[in-house]
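In: test case, fold it:
(chains A and B)
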There are 2 protein chains.
Amino acid sequence: MQNHRSIRKFTDQPVTDAQLRAIITSAQAASTSSNMQAYSVIHVTDDGLKSQLAAFAGNQAYVSECPLFLVWCADLHRYAQAAHRHADTPITGNAENLIIATVDVALAAQNAAIAAESLGLGVVYIGGLRNKPAEVSQLLGLPQLVYPVFGMCIGMPDQEPLERPRLPLEAVYHENRYMDNEAAVTLYDETVRDYMNVRTGGKVDTTWSKEMAGKALRPREHMKAFLKSQGFGEV
Amino acid sequence: MQNHRSIRKFTDQPVTDAQLRAIITSAQAASTSSNMQAYSVIHVTDDGLKSQLAAFAGNQAYVSECPLFLVWCADLHRYAQAAHRHADTPITGNAENLIIATVDVALAAQNAAIAAESLGLGVVYIGGLRNKPAEVSQLLGLPQLVYPVFGMCIGMPDQEPLERPRLPLEAVYHENRYMDNEAAVTLYDETVRDYMNVRTGGKVDTTWSKEMAGKALRPREHMKAFLKSQGFGEV
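Out: Take a look at the predicted model:
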């Protein structure tokens, strides 16, 4: 786990049905809030669909080229259907339920990722599906109270990327009380500068905080309206 | 991973510093959206704080009694601080950023859980912290753009609970297009009935859909206002 790298280039070797089943079964074993299991996973096997999803994700070719592409969805629809077998209590996509479903799908997906890596496969998450969430939802026939959180490419690695260094432990870890640690961020800025320098052969000069400043310019403001359209209306 | 059970009773054996470091380092290795690492983890060592958190979580004694208690927080504060080193682009807790941070913390926490289990430890997630999120945030000094998503108890298991059966794979797994599978839910209702019957020695007669109908009566409506108070104001 500590050697995790995102893999974006895969050999042609297919992921077997037994591997797929092990991956999904591992995902299902993850913890889930009150046993709600508020997620669904869509295995996209159709080449046309994969190409469209690759385009929605910002023309990431590995989405269409990877041996196994999964779309992980937060899913309150099945929960609502089940509850409504017994009572017509309204099930809303309120903030709490959005959090439950988003956490549930992330825990399941991370188990899938670890299971895949333990089988010698490589994975990369595709948050880019949230560039065009309404289009993705329509393409995959997602009902109300379901939204696509991210995709995941899985396959046999055909590259060996550098491990990306993370923030110093002290920046994310606190004891008893939240404490800023700006010195750790300053240190990490230099770590990222060195890493990007090596990775790009000296072509990119950046730091973590510069990357974050760039990221702040791309806030995907459309997500609020999209979530509302999928029934997460009270968020 | 496929044998995961939540553990709610622990021996007195402490979690060592080496184990804690392995757990946090594994968490940090998880995938993260655009390398934002939008989470923090607070290790609560103070007995007074642990007791208060146990009360906030609905008097779950294992929160105060477990050897290691972690509070996992979605954290956009550090990201905002870093970005503001270079530009004053406003960083809001909009829906997209809420999702990024909630996913990031969940991926990291699930890596921590798997790492702990691989060391022979047991874990349970404590979503109950969201019963009193404002009180938890004040107690731990969480700044704006940070919120507590869940806690986690870790320690050497002192119980061997049954594995809780999950939905049939066919209920959560779809190919190319989202498809309801109500037959799988009906089947699972009976699986849960049998499981609860065994677990409680015949004292509880329920099904999954009945549990979900009960859950629907407890919607934690306060989360929206709480998130707004923490700066996730545009959600």
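
In: hey, let's count contacts and neighbours off CA atoms from now on
Out: OK.

In: in the longest helix along chain A, what's buried?
Out: Taking DSSP state H as the assignment, the helix of chain A that covers the most residues is helix A:95-118. For helix A:95-118, burial by neighbour count (16 or more other Cα atoms under 10 Å in any protein chain shown) applies to A:95-117.

In: by contact count, what packs against it?
Out: Using 3 or more Cα pairs under 8 Å, 6 or more residues apart in numbering or on different chains; DSSP states H and E as the contact definition, the elements that helix A:95-118 packs against are helix A:17-28, strand A:39-44, strand A:68-75, strand A:122-126, strand A:146-155, helix B:95-118, helix B:223-229.

In: can you pull the contacts of the spatially most central residue of chain A?
Out: If you average the C-alpha coordinates of chain A and look for the closest C-alpha using Cα atoms, centre = their mean, you land on A:Phe150, 4.0 Å from that point. By Cα atoms under 8 Å, 6 or more residues apart in numbering or on different chains, the contact list for A:Phe150 reads A:71-73, A:125-130.

In: that one bridge partners, please.
Out: A:Trp72 (DSSP bridges).

In: just the pLDDT for it.
Out: Here, the pLDDT recorded for A:Phe150 equals 98.

In: and what of A:Ile154?
Out: 98.

In: got it, and A:Pro143?
Out: What the model reports as pLDDT for A:Pro143 is 98.

In: also the one 4 residues further on?
Out: Predicted confidence (pLDDT) at A:Tyr147: the value is 98.

In: which residues touch it?
Out: With the criterion set at Cα under 8 Å, 6+ apart, A:Tyr147 makes contact with A:73-75, A:133, A:137, A:227, A:230.

In: that one and B:Ala30: what is the separation?
Out: According to Cα to Cα, to the nearest Å, A:Tyr147 and B:Ala30 sit 22 Å apart.

In: could you do A:Ser40 as well?
Out: Applying Cα to Cα to A:Ser40 and B:Ala30 gives a distance of 21 Å.

In: between these two, tell me which one has more neighbours.
Out: Taking neighbours as other Cα atoms under 10 Å in any protein chain shown, A:Ser40 and B:Ala30 compare with A:Ser40 leading, 30 against 27.

In: which one is the more buried one nearest to, not counting chain neighbours?
Out: Leaving aside its chain neighbours, A:Ser40 sits nearest to B:Val172 (4.6 Å; criterion: Cα to Cα, 6 or more residues apart in numbering or on different chains).

In: so what does the one you found look like in phi/psi?
Out: Here the main-chain torsion angles of B:Val172 (degrees, to the nearest 10) amount to phi -110, psi -10.

In: could you do A:Gly202 as well?
Out: phi 80, psi 0.

In: so what's it closest to, chain neighbours aside?
Out: Nearest residue to A:Gly202 in three dimensions, chain neighbours excluded: A:Met196, at 7.6 Å (Cα to Cα, 6+ apart).

In: pull the contacting residues for the one you found.
Out: A:Met196 makes contacts with A:202, A:204-206, as judged by Cα under 8 Å, 6+ apart.

In: thanks a lot, see you next time.
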